[in-house]
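quick one: sequence and predicted model below, then my questions.
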Amino acid sequence: MSQARHRSRHSALVLIVIAVLIAACGGPGASSVPSSTLVDPSSAPPVTPEKLVVGLGFIPSVQFAQFYLAQQAGYYEAAGLDVEFQNKIDPDLITLVGQGAIDIGIGDGTSVIPAVSNGIPVRYVATIYGRFPNIVFAKASSGITSAADLRGRKIGTPGRYGSGWIMLQALLGSAGMTTDDVEIIEYPDFTQRAAVEQGAVDAATGFANNEPIQLELGGEPASVLTIDAITPLPGPGLIAGVSTLETRHDAIAAFVAATLRAMEEIKVDPALGLDAAIAAVPELASQREAQTAVLAATIAAWEGTAQEARGLGAIDRDGWAASIGFLGSLGLVKDPVATDDLVRDDLLPAGG
């Protein structure tokens with residue numbers, strides 16, 4: 001047999017084999033593959049959401065409307081998160097976040113500085129209150145309109161600790177005074193507003209979105225002294241543990257972005273926040289007027305100078321640096337710390 005004829009028969013055999021293989025793979029005229037061997041995309045196992053335990057303040061309230069809205073509107077779920085809220089007091093939250101028992105929470109900036117200086121591994125990752133919410137309030141009829149007017153007056157406060165106490169010292173210091181120049185009366189049960197109403201004290205520490213609002217809703221015009229123009233103190237913001245940030249950076253960043261989205265929407269339409277808060281805390285529905293006023297004051301406190309310039313959540317590094325110095329002057333910074341030891345702005349949507 002000639003080589004040409006042999007090559008011809010070999011080529012024909014190859015073509016037959018290729019045709020069989022094509023038919024087996026579903027080519028024209030091929031028999032169908034049994035359905036039991038096909039993979040239905042819809043039957044693939046769903047992606048498991050990443051669980052985040054989030055610590056909010058001690059009492060569920062309209063002040064946490066952005067978290068409730070982000071949860072109810074599905075922003076956390078869309079980000080692949082399964083969010084569980086827990087309510088804790090600020091000192092407990094900072095400790096739990098540092099330990100990793102809570103993934104992310106709200107912490108006062110003035111609490112973060114001494115905590116980190118004492119070795120608690122937490123970082124502040126987004127600003128919630130761009131304006132420091134702690135204030136001194138009084139009845140407008142008291143004649144108290146400036147820090148200097150507090151000299152010799154009775155001032156109520158829950159205790160000599162925390163952001164309210166720090167704010168009071170800064171406020172008095174701006175008028176050349178210390179707490180020795182006023183009479184401090186402690187109300188550990190947080191009844192200092194009632195003390196102001198009843199005339200037991202001339203003024204008291206509180207929050208811009210709480211006591212003065214309640215005072216005015218009761219028909220008593222309020223006088224409010226703030227600290228922002230005097231000493232830049234960092235307000236409450238989102239904090240996370242150092243180890244959590246190393247292992248769950250993307251999940252924390254997604255939570256921050258979803259929360260800031262809800263804040264932006266509430267700023268445009270406060271009713272969204274109020275409805276979300278009532279859905280989360282139904283008893284608020286019976287105080288709709290008061291809760292509307294509290295939410296309006298809360299929204300106003302979200303934006304300080306840095307947030308107006310760079311968006312909600314932005315961190316004012318210069319303000320933090322000044323705050324470290326002020327808290328150091330009060331003896332609250334055990335070991336030296338720098339701004340980079342305290343804040344992380346890489347988790348913000350715009351890195352701000």
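Happy to help now that I have it.

nearest to the middle of the chain, which residue? Look it up for me.
With distances taken as CA atoms, centre = their mean, the residue of the chain nearest its centroid is Leu238 (3.7 Å).

next one: phi and psi at that one?
Backbone torsions of Leu238, given as degrees, to the nearest 10, read phi -80, psi 130.

not counting sequence-adjacent ones, nearest residue to it?
Ala126 (4.3 Å; CB to CB, 6 or more residues apart in numbering). C-betas here are computed from N, CA, C, even on glycine.

now the helices for this structure?
For the chain, the helices defined by DSSP state H cover 3-24, 65-72, 75-78, 90-99, 109-117, 162-173, 192-198, 211-217, 242-247, 249-268, 270-280, 288-302, 305-310, 317-329.

nearest to Ile144, out of those helices?
When the helices of the chain are compared by CB to CB, helix 192-198 sits nearest Ile144, at 10.5 Å.

how about the closest one: buried residues?
192-197 (16 or more other CB atoms under 10 Å).

which one of those residues is nearest Thr244?
For the buried residues of helix 192-198, the nearest to Thr244 is Gln192 (35.4 Å; CB to CB).

surely the closest one meets Gly156?
Yes - here Gln192 reaches Gly156: they are 3.6 Å apart, a contact under CB atoms under 8 Å.

which residues are in contact with both of those two?
Taking CB atoms under 8 Å, 6 or more residues apart in numbering as the contact rule, Gln192 and Gly156 both touch 201, 204-205.

still on that earlier bit, mean pLDDT for the helices of the chain - can I get that in TSV?
Listed next are the helices of the chain as TSV, based on pLDDT from 0 to 100:
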stretch	mean pLDDT
helix 3-24	39
helix 65-72	98
helix 75-78	98
helix 90-99	92
helix 109-117	96
helix 162-173	96
helix 192-198	97
helix 211-217	95
helix 242-247	98
helix 249-268	98
helix 270-280	98
helix 288-302	97
helix 305-310	95
helix 317-329	96
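
wait, which of these is closest to Phe58?
Nearest of the helices of the chain to Phe58, taken as CB to CB: helix 90-99 at 8.0 Å.

need the contact partners of that closest one.
So helix 90-99 is in contact with 55, 57, 88, 102-108, 111-112, 115, 120-122, 162-163, 239-242, 244, going by CB under 8 Å, 6+ apart.

count of neighbours near the closest residue to Pro234 other than its chain neighbours?
Of all residues not flanking Pro234 in the chain, Gly109 sits nearest, at 2.5 Å (CB to CB, 6+ apart). Neighbour count of Gly109, defined by other CB atoms under 10 Å: 27.

before we move on, what about Val343?
Count around Val343 with other CB under 10 Å applied: 23.

looks like it contacts Arg123 (just checking).
Yes - the pair Val343 / Arg123 is scored as a contact, 6.3 Å apart, by CB under 8 Å.

now the common contact residues for those two.
When CB under 8 Å, 6+ apart defines a contact, no residue borders Val343 and Arg123 alike.

got the contact list for Gly164?
134, 157-158, 205-206.

list the contacts of Leu172.
147, 150, 178-179, 181-182.

pipe the residues you listed into TSV and attach pLDDT and distance to Ala73 per row.
Putting the contacts of Leu172 into TSV (pLDDT from 0 to 100; distance: CB to CB, whole Å) gives the following:
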residue	pLDDT	distance to Ala73
Ala147	97	42
Leu150	98	44
Thr178	97	48
Thr179	97	45
Asp181	98	49
Val182	98	46
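
narrow those residues to those that are buried.
Counted by 16+ other CB under 10 Å, the contacts of Leu172 give 147, 150, 182 as buried.

out of those residues, the closest to Thr259 would be?
Distances from Thr259 to those, taken by CB to CB, are shortest for Ala147, at 34.1 Å.

correct me, but the closest one touches Leu171?
Yes - counting by CB under 8 Å, Ala147 touches Leu171, with 4.9 Å between them.

need the overlap of contacts for those two.
Residues within reach of Ala147 and of Leu171 at once, by CB under 8 Å, 6+ apart, are 225, 230.

ends of stretch 174-182, what's the gap?
14 Å (CA to CA, to the nearest Å).

backbone dihedrals for Ile59, both of them.
Torsion angles, degrees, to the nearest 10, at Ile59: phi -110, psi 120.

tell me how far it lies from Asp90.
Ile59 is 12 Å from Asp90, where distance means CB to CB, to the nearest Å.

ok, Val47 next?
Taking CB to CB, one finds Val47 at 34 Å from Asp90.

alright, that wraps it up for me.
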